[in-house]
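>>> What follows is a predicted structure for the sequence shown.
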Amino acid sequence: MNPPVVLVSVQGAVQVITINRPAVRNSINKEVAVALAAALIELDARAELHVGIISGAGGNFCAGMDLKAFAAGGDEPIVQGRGFAGLCEAPPRKPLIAAVEGHAVAGGFEIALACDLIVAARGASFGLPEVKRGLVASSGGLMRLPHRVSRNLAMEMAILGDPISAEHAAACGLVNRLVENGGALDAALELARRIDANAPLAVAASKQIVDASRTWTDDDMFERQRPLARAVNGSADAREGATAFAQKRAAVWQGR
């Protein structure tokens, strides 16, 4: 029996999703895309899960679409309504962290860009090499990258197709944590646990505002933010947070 192409485990309130095709650098075929979509749907559906992590098995994050499988007549690794890898067009509502070792290129880089935070090992690399193959990076990379780094760097990566090192990515603010090789998943788990210690309603609304506000104008941004912030600031968790602060104790969140 072949091993599962995606491994899913739970550590407390953290769901860890591992792409498990190390022999092909965790490239994405239809089976992987469907399994990733199912895991992310579960992440959003289960109230006891607060944060997700995506990693890759065998020392690489993901090399993008499995081109050999596609050329041999395989289905595109796209899930209806969710896009490439079951993720790129519909990230989860809950925070998602990419734990990157080795290559995160082409669609693999686009998966990382669809996450909220990126932890990278020093030996990792990131790139959009599609132009070298006569293709366009159409799973969000060209649209998300300019919001993460300067236009100049985004354009260079888009039209030269050359990868950048994890150190370069960290210096440009693309990577949140830079760690020693082999340490990306542990560092991502540490970040996930710190997120989990915060109020889940506040975390969800903060993520929503950061993502949605990219399309808001200066004239309407506070009006657009107001109902999202008001719902959280008037919640039982908001009262609990203030009370716990005054009493110098850890807050006990109820998610309401």
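Structure's in. What do you need?
>>> Isn't Gly183 up against Ala120?
No - using C-beta atoms under 8 Å, Gly183 is not in contact with Ala120; the gap is 9.9 Å. All C-beta atoms are positioned from the backbone trio N, CA, C, and that covers glycine.
>>> Those two: which is more packed in?
Ala120 (31 against 18; other C-beta atoms under 10 Å).
>>> and the more buried one, backbone torsions?
phi -130, psi 140 (degrees, to the nearest 10).
>>> Spatially, what comes nearest to Gly255 if we skip its sequence neighbours?
Pro200 (5.0 Å; C-beta to C-beta, 6 or more residues apart in numbering).
>>> The one you found: how many residues sit nearby?
Applying other C-beta under 10 Å, we find 21 residues neighbouring Pro200.
>>> Just the helices from this structure, written as ranges.
Remark: helices assigned in the chain by DSSP state H are 30-45, 67-71, 107-114, 141-148, 151-160, 166-171, 184-196, 200-212, 221-233, 236-247.
>>> Need the winner for burial among these.
Of all those, helix 107-114 carries the top mean neighbour count, a mean of 29, counting by mean count of other C-beta atoms under 10 Å.
>>> Contacts for that one next, please.
26-28, 54, 56, 61-65, 77, 84-85, 87-88, 91, 96, 98, 100, 104, 118, 126-128, 137, 139-141, 144-145, 148 (C-beta atoms under 8 Å, 6 or more residues apart in numbering).
>>> rerun that using 6 Å as the cut-off
Contact partners of helix 107-114, identified using C-beta atoms under 6 Å, 6 or more residues apart in numbering, comprise 28, 61-65, 84-85, 87-88, 91, 98, 104, 118, 126, 128, 139-141, 144.
>>> quick check: mean pLDDT across that helix?
The average pLDDT for helix 107-114 rounds to 98.
>>> roughly how far out does the lowest-mean-pLDDT helix or strand in the chain sit from the chain middle?
Across the helices and strands of the chain, mean pLDDT, DSSP states H and E gives its lowest value to helix 67-71, namely a mean of 78. In terms of C-alpha atoms, centre = their mean, to the nearest Å, the centre of helix 67-71 is found 25 Å from the chain centre.
>>> just stretch 229-247 next, same as before
28 Å.
>>> likewise stretch 38-54?
The mean C-alpha position of stretch 38-54 is separated from the chain mean by 12 Å, C-alpha atoms, centre = their mean.
>>> Can you measure across that stretch, start residue to end residue?
By C-alpha to C-alpha, to the nearest Å, the extent of stretch 38-54 from end to end equals 13 Å.
>>> wouldn't Ala57 be in contact with Ile17 here?
No - assessed by C-beta atoms under 6 Å, Ala57 is found out of contact with Ile17, at 11.0 Å.
>>> So for those two, which residue has more residues nearby?
Higher neighbour count among Ala57 and Ile17: Ile17, with 24 against 19, using other C-beta under 10 Å.
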